[in-house]
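>>> sequence isn't available, so here's the structure alone:
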């Protein structure tokens with residue numbers, strides 16, 4: 001009995017020590033060029049910003065098909081054309097090159113797309129953590145609005161999986177500041193990271209051990225912009241019921257009166273949404289982009 005108890009406590013200690021290695025799964029690559037991932041240089045321009053603690057974070061600005069920019073002046077001219085801007089917060093694995101197909105698809109909805117890798121991912125320095133990623137998201141927002149000159153109402157916050165937790169944190173922070181982005185789109189994300197951990201490690205006291213929590217279910221009630229959630233019924237990484245829990249906690253309508261929307265994909269899992277039902281995905285994102293285009 002004492003041996004079993006010792007093994008159990010050892011597992012608890014180990015989870016507490018290595019949890020960030022289980023949560024954050026970066027791929028390192030430098031330099032990280034869009035052309036290596038099928039994104040032509042004329043449509044995928046490199047951008048960078050300095051975080052609050054002095055790290056230089058690299059990212060891409062992907063222009064929609066039919067647009068091009070061969071230099072910084074042309075890139076800024078394209079950005080000033082008034083299209084919606086999608087601010088993409090990615091999942092916990094890989095780097096931005098792995099999202100090239102998604103970036104192309106989102107751009108095809110006639111939107112500009114910005115994706116900065118998290119610290120410690122791709123060609124970025126640093127070590128990821130919840131506090132750091134949330135602070136970086138705020139820095140990215142300031143970069144878009146203050147440096148790039150994009151109006152708040154043009155920006156759609158887009159979060160997939162772990163990125164949904166980052167996007168919710170940013171949207172709640174903006175709401176506290178009285179700022180309303182154009183919308184919040186959440187793809188295959190969770191109510192909280194604690195709920196995901198409790199599902200996968202039922203035999204461990206994850207509520208006591210987990211330091212990274214991303215409590216989106218608490219934050220989403222504060223959010224004022226239009227909200228849409230899309231989730232696969234077959235998701236075995238983030239169970240479907242956690243998306244339902246998050247949706248229930250969201251306000252029924254945005255401050256401008258737009259109802260929240262839930263898109264269920266019966267055949268999709270966690271990583272195959274665009275393979276199983278790309279049309280529903282396009283329509284779901286397109287609906288929020290249309291609200292941005294039609295705003296007063």
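In hand now; what should we look at? Just so you know, these numbers come straight off a predicted model, no measurement behind them.

>>> which SSE is residue 113 in?
Element membership of residue 113, judged by DSSP states H and E, is strand 112-116.

>>> which stretches of this protein have low pLDDT?
Within the chain, the set of residues satisfying pLDDT under 70 comprises 1-18, 202-209.

>>> and for the strand holding residue 113, what's in contact with it?
Strand 112-116 is contacted from outside by 47, 49, 57-64, 78-79, 83-88, 90, 96, 99, 103, 106-107, 124, 136, 140, 144, using CB atoms under 8 Å, 6 or more residues apart in numbering. (C-beta placed from N, C-alpha, C; glycine too.)

>>> among these, name the ones in helices.
Among those, the members falling in helices (DSSP state H) are 78-79, 103, 106-107, 136, 140.

>>> the helices in the stretch 101-250 of the chain, which residues?
130-142, 162-176, 193-200, 206-209, 216-219, 240-249 (DSSP state H, counting those that start in this stretch).

>>> of the ones in helices among the contacts of strand 112-116, closest to residue 218?
Nearest to residue 218, judged by CB to CB, of the ones in helices among the contacts of strand 112-116 is residue 136 at 20.7 Å.

>>> for the residue nearest to the closest one when sequence neighbours are not counted, grab the count of nearby residues.
Once flanking residues are discounted, residue 136 sits nearest to residue 51: 5.4 Å by CB to CB, 6 or more residues apart in numbering. Counted with other CB atoms under 10 Å, the neighbours of residue 51 add up to 20.

>>> hang on, residue 51 packs against residue 119?
Yes - counting by CB atoms under 8 Å, residue 51 does reach residue 119; the two are 7.1 Å apart.

>>> what residues are shared contacts of those two?
Joint contacts of residue 51 and residue 119 (CB under 8 Å, 6+ apart) are 57, 126, 136.

>>> by neighbours, which of those wins?
Neighbour counts for those, by other CB under 10 Å, peak at residue 136, which reaches 26 neighbours.

>>> is it true that that residue touches residue 119?
Yes - here residue 136 reaches residue 119: they are 6.3 Å apart, a contact under CB under 8 Å.

>>> what is in contact with the two at once?
Residues touching both residue 136 and residue 119 by CB under 8 Å, 6+ apart: 51, 57.

>>> please, where are all the strands along this protein?
For the chain, the strands defined by DSSP state E occupy 25-26, 44-50, 56-62, 85-89, 93-94, 112-116, 155-160, 183-187, 227-232, 261-265.

>>> any buried residues in the second one, and which?
Going back to what we said before, that points to strand 44-50. Buried residues in strand 44-50, counted by 16 or more other CB atoms under 10 Å: 44-47, 49.

>>> could you dump those residues into TSV and include distance to residue 201?
Formatted as TSV, the buried residues of strand 44-50 follow (distance: CB to CB, whole Å):
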residue	distance to residue 201
44	39
45	42
46	39
47	38
49	36
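
>>> out of these, which is nearest to residue 24?
The shortest approach to residue 24 among these belongs to residue 49, at 20.3 Å (CB to CB).

>>> apart from its neighbours in sequence, what residue is nearest the closest one?
Nearest residue to residue 49, sequence neighbours excluded (CB to CB, 6+ apart): residue 143, at 4.3 Å.

>>> end to end on stretch 48-55, go ahead and measure it.
One end of stretch 48-55 sits 10 Å from the other (CA to CA, to the nearest Å).

>>> stretch 255-265 now?
End-to-end distance for stretch 255-265, by CA to CA: 27 Å.

>>> how far does it sit from the chain's center?
Its chain's C-alpha centre and that of stretch 255-265 lie 18 Å apart, by CA atoms, centre = their mean, to the nearest Å.

>>> please apply the same query to stretch 145-163.
Offset of stretch 145-163 from its chain centre (CA atoms, centre = their mean): 10 Å.

>>> now stretch 128-140
Counting by CA atoms, centre = their mean, stretch 128-140 comes out at 12 Å from the chain centroid.
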